[in-house]
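Colleague: A predicted structure for the sequence below; I have some questions about it.
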Amino acid sequence: KAGVTQTPRYLIKTRGQQVTLSCSPISGHRSVSWYQQTPGQGLQFLFEYFSETQRNKGNFPGRFSGRQFSNSRSEMNVSTLELGDSALYLCASSLGTGAEKLFFGSGTQLSVL
Amino acid sequence: AQRVTQPEKLLSVFKGAPVELKCNYSYSGSPELFWYVQYSRQRLQLLLRHISRESIKGFTADLNKGETSFHLKKPFAQEEDSAMYYCALNPGGATNKLIFGTGTLLAVQP
């Protein structure tokens, strides 16, 4: 059974640009969550989707958005990139919602220059 | 405010010594508590959750609501236990949202 797949693995962007990250959950998993990991702030929750609906959102500006498709794949978008957006973005999937076991991807390392 | 505190950034022990990784939380409701682990060059993965009351790889953790703690313990550390350990809180309800602590790097010396 394939694990959570995140693409691309690395991204380099410049300030002001926008970026889209992709996450393919484990087959059968309907919930996808996104986290930002930085050395200073650690792991911070971005948002959570279940059956194409956003169930929960973290304390991030509106420049961060996401969506989930009918096949449970998810994308997150960051517009007007800032230097502080440089981070490892992790996606996690689970069968359902409600304190389920999360399966994490390897992440997308975003560098904003 | 919902918060998870792991006071130690680094814990270094010798092989065979007992290990205790500390975790304290701040939450007014009934949270679910987890320990996640990340071994070198591997993905973040679930180690254990308090509602399962299970022992994984010799590790146990007991939820102490009075002290708002969920410390991770192992009686005899092994070199393969060296990893980054994260304590996490789920606020309950129909959500998988996790609030993570900053993590503790466990280094087991031979």
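Modeller: Okay, I see it. Residues are numbered from 1 along each chain as shown, chains lettered A, B, ... in the order given.
Colleague: can we go C-alpha only for contacts and neighbour counts from here?
Modeller: Fine.
Colleague: close to chain B: what parts of chain A are there?
Modeller: A:33, A:41-45, A:47-48, A:55-56, A:97-106 (Cα under 8 Å from any Cα of the partner chain).
Colleague: PyMOL command for the buried members of the residues you listed?
Modeller: Buried members of the residues of chain A next to chain B, defined by 16 or more other Cα atoms under 10 Å in any protein chain shown, are picked up in PyMOL with:
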select buried, chain A and resi 33+42+43+44+45+47+48+55+56+97+98+99+100+101+102+103+104+105+106
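Colleague: take the residues of chain A next to chain B and keep only those in helices.
Modeller: Of the residues of chain A next to chain B, none are assigned to helices by DSSP state H.
Colleague: helices of the chain, residue ranges please.
Modeller: No chain in the question, so chain A it is. Counting by DSSP H, chain A contains no helices.
Colleague: in it, which residue sits closest to chain B?
Modeller: Residue nearest to chain B within chain A: residue A:98 (4.2 Å; Cα to the nearest Cα).
Colleague: got a pLDDT number for that residue?
Modeller: Residue A:98 is assigned 77 on the pLDDT scale.
Colleague: then residue B:52?
Modeller: 78.
Colleague: show the pLDDT at residue B:38.
Modeller: Reported pLDDT for residue B:38: 96.
Colleague: so who does it touch?
Modeller: By Cα atoms under 8 Å, 6 or more residues apart in numbering or on different chains, the contact set of residue B:38 is B:44, B:45, B:83, B:84, B:85.
Colleague: any idea how far the first one lies from residue B:35?
Modeller: Okay, so that is residue B:44. 10 Å (Cα to Cα, to the nearest Å).
Colleague: give the contact list for residue 83.
Modeller: Because you didn't say which chain, this covers chain A. A:15, A:111, A:112, A:113.
Colleague: could you do chain B instead?
Modeller: With Cα under 8 Å, 6+ apart, residue B:83 has these contacts: B:37, B:38, B:39, B:40, B:105, B:106, B:107.
Colleague: weed out the non-buried ones from those residues.
Modeller: Using 16+ other Cα under 10 Å, the buried members of those are B:37, B:38, B:105, B:106, B:107.
Colleague: ok, what's across the strand from the third one?
Modeller: Translated: residue B:105. Taking DSSP bridges as the rule, residue B:105 bridges to residue B:10, residue B:84.
Colleague: tell me which parts of chain B are close to chain A?
Modeller: Counting by Cα under 8 Å from any Cα, the residues of chain B near chain A are B:32, B:42-46, B:90, B:92-103.
Colleague: the residues you listed, buried ones only, as a ChimeraX selection?
Modeller: Applying 16+ other Cα under 10 Å to the residues of chain B next to chain A, the buried members can be selected in ChimeraX as follows:
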select /B:32,43,44,45,46,90,92,95,96,97,98,99,100,101,102,103
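Colleague: now intersect the residues of chain B next to chain A with the strands, please.
Modeller: Secondary structure from DSSP state E places B:32, B:45, B:46, B:90, B:99, B:100 of the residues of chain B next to chain A in strands.
Colleague: let me know the closest of the contacts of residue B:83 to residue A:21.
Modeller: residue B:38 (22.1 Å; Cα to Cα).
Colleague: who are the neighbours in contact with the spatially most central residue of chain A?
Modeller: Chain A has residue A:34 as the residue nearest its centroid, 3.4 Å off, counting by Cα atoms, centre = their mean. Neighbouring residues of residue A:34 by Cα under 8 Å, 6+ apart: A:45, A:46, A:47, A:48, A:89, A:90, A:91, A:92.
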